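J.: coords please:
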Amino acid sequence: MPESDKFTQGIYSRNTLEFVTVAAETCLFLENTASLSKKEFLERALKILPLLYLKTSLTNCPEQLLEEAPERFITETDYELVKSSISDLLGSTDRYLEVFHPDIQLSEEGIATDISENLADIYQDLKDFLLCYQIGNEAVMNDALTLCLQSFYTYWGQRLVNALRPLHNSLYNEAIEEVETNDLTEETNNSSLKHQFLSHQQNEGLDAFLNTLNDTDAN
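T.: Residues are numbered from 1 along each chain as shown. Predicted coordinates:
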């Protein structure tokens, strides 16, 4: 098979096209963070990010064809817009302690990082890839795919799995805490009602006793 046919089949293979589809859905999701509630964002992130990891890992990485690297489109402003929208939505739960940071062994207190930064890193590489891919030049498409997959292996793939842990914790542990808080509030309310009921009974008994004393004095 000619080399040109090999790389053409690679960029149009089923696995590649499925990866392109999920990458596009991920970028669209991250670009529309501001329209979601925090719970909606967490639920969608915990569905699409594992799927993105799976589809990326199933895609074959082709050899680079061109001498020049694919063009970069995402600016610092684009990056910060995505990062800040995620950070604003997550609030205090955006920051977490990272256990896979390369400098972790040199730190005594741990290294903090942000979910929003991890997801913005993923967005930047995916969006640059997609914008190159839609140009339609097959050699550019091939090399954009190569660059994106190589970055997945060495950079944003680790950031994706790192972000899953705090995202999971934010969704499910906060939900548990909310249930426990509601249960405690309900228990407190029930206890208050019970106390009011008992106090009412006690007051009725006291009133009856005082009436008895009054009747005795009258006689």
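J.: Where do the strands of the protein begin and end?
T.: Using DSSP state E, the strands of the chain run over 95-98, 111-114.
J.: To N169, which of these lies closest?
T.: Closest approach to N169 among the strands of the chain is made by strand 95-98 (7.8 Å; C-beta to C-beta). All C-beta spots, glycine's among them, are computed from the backbone N, C-alpha and C.
J.: quick revisit: adding distance to C61, mean pLDDT and mean neighbour count, write the strands of the chain out as a markdown table.
T.: Below are the strands of the chain laid out as a markdown table (distance: least, C-beta to C-beta, whole Å; pLDDT from 0 to 100; neighbours: other C-beta atoms under 10 Å):
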| stretch | distance to C61 | mean pLDDT | mean neighbour count |
| --- | --- | --- | --- |
| strand 95-98 | 27 | 84 | 18 |
| strand 111-114 | 27 | 86 | 15 |
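J.: Could you export the ones you listed as JSON lines, including distance to A69?
T.: Listed next are these as JSON lines, based on distance: least, C-beta to C-beta, whole Å:
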{"stretch": "strand 95-98", "distance to A69": "29"}
{"stretch": "strand 111-114", "distance to A69": "27"}
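J.: do you know which of those lies nearest L131?
T.: Judged by C-beta to C-beta, the one of the strands of the chain that comes nearest to L131 is strand 111-114, at 24.9 Å.
J.: mind listing what the closest one pairs with, with the direction of each?
T.: strand 95-98 (antiparallel) (DSSP bridges).
J.: CA atoms of the partner strand as CSV?
T.: Extracted as CSV, the C-alpha positions of strand 95-98 are listed here (Å, rounded to 0.1, in the frame of the first residue of the first chain):
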residue,chain,number,x,y,z
ARG,A,95,-8.1,24.0,43.8
TYR,A,96,-6.8,20.6,45.0
LEU,A,97,-3.6,18.9,46.1
GLU,A,98,-1.8,17.2,43.3
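J.: Going forward, count from 45.
T.: Let's use 45 as the start, then, which means that last one is strand 139-142.
J.: I'm done for today, thanks for sticking with me.
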